[in-house]
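Novice: I'd like to go over a predicted model; first the sequence, then the structure.
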Amino acid sequence: MKRISEEQIPKRIRKMRLERSMTQKDLADAIGVTKGYISRIENSDTAPPVGKLLALAQAMHIEVDAFFGAENPEVCLTVTRSDKRPVVASDRHSLAKYEHLALNFPNRAFEAYVIKAPKNSKVSQHMQHKGQELLYVLKGSITFNVDGTSYDLEEGDALYFDSSYPHFANNLSGEEIELLIVVYSGSATDG
C-alpha cells in the first residue's frame, strides 16, 4: 500500500473538499472555524492537528484514512514497528509529533497515536471533536485541560473523556513527554 507524506495531506484535503463540491466556507462552517483557517490548512506543508483532521473527515463524510491514502480491505491486522511509525500530524507551536500506530488497518473503529513533545511545550489551540478519547502518559508529566478543568497527569496515569468538550495539554514538566492517545469518533460504518 502506498502511503502519502505529511506535506501531501493538505493537498489531499483540498482535493477531497472540491470532489464534494464544498467551498472553503462550507467546510469551515461545518467544523466551526473560519474560511481563512481552511485556506491556511490547504496551503500548508504540514497536516493540521489530529482533532481537526477528525473534524474535517466527519464534515466530508469520509474516514480519516482517506487523508493518508490508507486503503487495503484485505488486511486483518497490522504491525507498526516503533522505528517506522508514520508522522501524520504535527503542531508547529508545541513541536509535538503525532505518530500513527495502525495507519495501514482499513475501516478502523478508533485512531491510536503516540504523541511526542519536547520539554516546556504548550499547545496553542484547543481541540474539540465528536467522540471519546483515552490519554495514557507513557513518559513525563503533563497538565491536561478538559472543559476548563486542569488535571495533572504523571507517567502511568490515564484520562478518558468526552472529546466534544474543549481540550488541550501543556507539557510544563521540563522533560520530553510521550503520550498514547486513542480516539473514537464513530465511523461511517457504525449502524
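Specialist: Received the coordinates, thanks. Numbering: from 1, shown residues only.

Novice: confidence score at residue 72?
Specialist: We have a pLDDT of 49 for residue 72.

Novice: which stretches of this protein form strands?
Specialist: Using DSSP state E, the strands of the chain run over residues 87-91, 96-100, 111-117, 132-139, 141-146, 149-154, 158-162, 167-170, 177-184.

Novice: which one of the ones you listed has the lowest average pLDDT?
Specialist: Mean pLDDT values for those show the minimum at strand 87-91, a mean of 73.

Novice: gap between it and the chain center?
Specialist: 8 Å (C-alpha atoms, centre = their mean, to the nearest Å).

Novice: what strands line up against it, and which way round?
Specialist: strand 96-100 (antiparallel) (DSSP bridges).

Novice: how many residues are close by the residue nearest to residue 140 when sequence neighbours are not counted?
Specialist: Setting aside the residues directly before and after it, residue 140 is nearest to residue 177 in space (C-beta to C-beta, 6 or more residues apart in numbering), at 3.4 Å. In short, each C-beta sits where N, CA and C put it, glycine included. Burial of residue 177 is recorded as 23 neighbouring residues (other C-beta atoms under 10 Å).

Novice: hey, what's residue 177 bridged with?
Specialist: Here residue 177 sits in beta bridges with residue 117, going by DSSP bridges.

Novice: what's near enough to touch it?
Specialist: 115-117, 119, 121, 137, 139-142, 171 (C-beta atoms under 8 Å, 6 or more residues apart in numbering).

Novice: and the strands of the chain as CSV, adding distance to residue 77?
Specialist: Compiled in CSV, the strands of the chain are given as follows (distance: least, C-beta to C-beta, whole Å):
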stretch, distance to residue 77
strand 87-91, 19
strand 96-100, 15
strand 111-117, 14
strand 132-139, 21
strand 141-146, 31
strand 149-154, 30
strand 158-162, 25
strand 167-170, 30
strand 177-184, 17
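
Novice: thinking again about what came up before, which of the contacts of residue 177 count as buried?
Specialist: 115-117, 121, 137, 140-142, 171 (16 or more other C-beta atoms under 10 Å).

Novice: closest to the centroid, which residue in the protein?
Specialist: Closest to where the C-alpha atoms of the chain average out (C-alpha atoms, centre = their mean) is residue 50, at 1.5 Å.
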